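Student: Pasting a predicted model and its sequence here:
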Amino acid sequence: MKVITKNEEVVVKGCKINVDLTYYYDEDNDMLFDDIELGNENLRKIRNAYRKEKCLLFDHQIKKIREKYNLNQRNFSLLLGFGEITITRYESKSIQEKAHDAIIRNADNPKLFLQMVETNKEAYLKYNSLESYNNLITIINSRISNDLSNSGNIEYSVDKFTAVINYILSKVDKLTKTKLAKLLWYIDNLSYKEFNHSITGLTYIHNYYGAYPIGYNEKLSIDNIKINVIYYDDNDNPTCFIESCNTDGILNEEEMKVIDKVINELNKYNTKELVEYMHKEDAYIKTKQNEIISFDYSKKLSISL
């Protein structure tokens, strides 16, 4: 069975376009065919070929703008003033109209997006907390100033985020969400202390339980991270364990060395003990609730390579 590419003329919204489509070729029967995965990819190629013809954003470009603000599809859609599933459709199966395309392009400019966020605040707050909204405003303002100091001198990377989690899971049993948050903070700050940059690009805030990444729950809600929620003795506050994390992200030797050091130093503590340990760091003592924790505090981090 061979895989071949064939240039075809297709008509999309009355517009004729040429696009390279991929098929399986059955030599014995001289037949071309596809399966669901290949068919969906061909449809994506057709949509993006039309977008190119009409000077519209590609689906991956829309996604990139959304991820710039660490937003899921629904929240981004609501903040743009669209319906709840509009962005989901544009990133998967539909072609945006020019009016919507212009709005999405404007959102790539943090100053213009800030105006949209303020205008559509109530729509966002129907599904999210005020704390989450304020965190988003912080992210946007950081983008406006083009200041990466709050994220450890690098852009947030979902590939590095998931790769770090996957690596931790290979060495740590019974990993709770809270313990993971602390380990991530120590890993990023130790990397910054030693090499002047974090690994994940996460931004952390002062929380009752120590340092927490901004948008933490949203970042953990992606499909390739599996979380198991367990209730103990009818407790209304469940314990959330990270069970698995499938990722194509790659860590280099420097990054693995940092993670190994943090795990070797801190894995002996359970979640409660690790929270108490982090509370003794200058980064926690000298910041207030919901305040962004500067990476400058890494200079006095209790761990070194």
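Tutor: That came through fine. Since we're looking at a predicted model, the values are computed, not measured. Residues are numbered from 1 along each chain as shown.
Student: Residue ranges in the protein under the pLDDT threshold?
Tutor: Low-confidence segments of the chain (pLDDT under 70): 25, 28, 30, 33, 146-147, 231-237.
Student: Would you map out the domains in it?
Tutor: 2-54, 59-144, 150-300 (automatic domain parsing).
Student: now those domains in a markdown table, with mean neighbour count?
Tutor: C-beta: built from backbone N, CA, C; applies to glycine. Below are the domains of the chain laid out as a markdown table (neighbours: other CB atoms under 10 Å):
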| stretch | mean neighbour count |
| --- | --- |
| domain 2-54 | 13 |
| domain 59-144 | 17 |
| domain 150-300 | 17 |
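Student: where do the strands sit along this structure?
Tutor: Secondary structure of the chain (DSSP state E): strands at 2-12, 15-26, 31-33, 204-207, 210-213, 225-230, 239-245.
Student: As CSV, those strands with distance to residue 98 would be great.
Tutor: Shown next, in CSV, are the strands of the chain (distance: least, CB to CB, whole Å):
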stretch, distance to residue 98
strand 2-12, 14
strand 15-26, 13
strand 31-33, 34
strand 204-207, 39
strand 210-213, 36
strand 225-230, 36
strand 239-245, 39
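Student: So for residue 219, which of those sits nearest?
Tutor: strand 210-213 (6.6 Å; CB to CB).
Student: List the strands paired with the closest one, with their directions.
Tutor: Using DSSP bridges, strand 210-213 pairs in its sheet with strand 204-207 (antiparallel).
Student: I'd like the distance from the strand it pairs with to the chain centre, please.
Tutor: With CA atoms, centre = their mean, to the nearest Å as the basis, strand 204-207 stands 18 Å off its chain's centre.
Student: Over to stretch 116-134?
Tutor: On the basis of CA atoms, centre = their mean, stretch 116-134 sits 19 Å off its chain's mean C-alpha point.
Student: same check, this time on stretch 164-184
Tutor: The answer for stretch 164-184 is 17 Å, by CA atoms, centre = their mean.
Student: again, but for stretch 131-143
Tutor: With CA atoms, centre = their mean, you get 15 Å for stretch 131-143.
Student: now do stretch 135-146
Tutor: Worked out by CA atoms, centre = their mean, stretch 135-146 lies 16 Å from the chain centre.
Student: Ok, stretch 140-150 next?
Tutor: Distance of stretch 140-150 from the chain centroid (CA atoms, centre = their mean) equals 17 Å.
Student: Name the surrounding residues that touch it.
Tutor: Contacts to stretch 140-150, defined as CB atoms under 8 Å, 6 or more residues apart in numbering, come from residues 68-69, 110-111, 113-114, 117, 151, 154-155, 203, 292, 294-295.
Student: ok, those vs residue 190, which is closest?
Tutor: Out of the contacts of stretch 140-150, the member with the shortest distance to residue 190 (by CB to CB) is residue 295, at 10.8 Å.
Student: Spatially nearest residue to the closest one (excluding sequence neighbours)?
Tutor: residue 192 (4.7 Å; CB to CB, 6 or more residues apart in numbering).
Student: Same question for residue 86.
Tutor: For residue 86, ignoring the flanking residues on the chain, the nearest one in space by CB to CB, 6+ apart is residue 77 at 4.7 Å.
Student: Turn the contacts of stretch 140-150 into a markdown table, columns for distance to residue 142.
Tutor: A markdown table is the format used below for these (distance: CB to CB, whole Å):
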| residue | distance to residue 142 |
| --- | --- |
| 68 | 11 |
| 69 | 10 |
| 110 | 8 |
| 111 | 12 |
| 113 | 12 |
| 114 | 11 |
| 117 | 13 |
| 151 | 8 |
| 154 | 13 |
| 155 | 11 |
| 203 | 7 |
| 292 | 9 |
| 294 | 12 |
| 295 | 13 |
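Student: Between those residues, which sits nearest residue 221?
Tutor: residue 69 (15.4 Å).
Student: Relative to residue 217, how far out is that closest one?
Tutor: Note on residue 69: its distance to residue 217, by CB to CB, to the nearest Å, is 16 Å.
Student: do the same with residue 53
Tutor: Distance from residue 53 to residue 217, counting by CB to CB: 40 Å.
Student: How about residue 44?
Tutor: When residue 44 is compared with residue 217 (using CB to CB), they lie 29 Å apart.
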